[in-house]
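here is the input, now give the coordinates:
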Amino acid sequence: LQRAILLQICLSIFEAKLRCPATRPHQLLACSILKDSMPFKRYIIEKMDDSLSVDKLIQENGFMNKKMTAKDFMQLIIKQLRVISLQSRQEFERILEKEY
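As a prediction, this is how the structure comes out:
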């Protein structure tokens with residue numbers, strides 16, 4: 001249960017956009033955090049899920065020889081967070097079904 005909730009909260013934060021009058025929406029988290037911050041990269045791997053390894057995601061999605069922008073990094077993380085969040089929620093629902 002805790003894992004499912006944590007992943008859903010994190011996904012919501014990563015997907016959140018700030019909207020200010022007369023400006024385009026901007027990501028709540030700066031995309032460059034993922035690209036440039038090793039402590040942040042380590043944190044999401046260690047505390048959330050090792051499938052969020054940016055290096056692993058780059059290899060799996062065929063970006064090895066392409067220059068990636070910070071926005072590309074963010075999109076990879078959001079995509080993977082959706083996958084593991086859904087898996088975690090489904091696992092939680094299966095457990096609830098067995099108990100009730």
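
remind me, longest helix of this structure?
helix 70-99 (DSSP state H).

how about that helix: buried residues?
72-78, 80-81, 84-85, 88 (16 or more other CB atoms under 10 Å). To be clear about C-beta, it is placed using only N, CA and C from the backbone, and glycine gets the same treatment.

next: stretch 48-63.
So, applying 16+ other CB under 10 Å, buried residues of stretch 48-63: 48-49, 52-54, 57-58.

likewise for stretch 25-41?
Applying a neighbour-count criterion of 16+ other CB under 10 Å, one finds 27, 31, 34-35, 41 buried in stretch 25-41.

which of those residues sits closest to residue 15?
Nearest to residue 15 out of these is residue 27 (CB to CB; 8.5 Å).

which non-adjacent residue is nearest the closest one?
Residue nearest to residue 27 in three dimensions, not counting chain neighbours: residue 17, with 6.0 Å by CB to CB, 6 or more residues apart in numbering.
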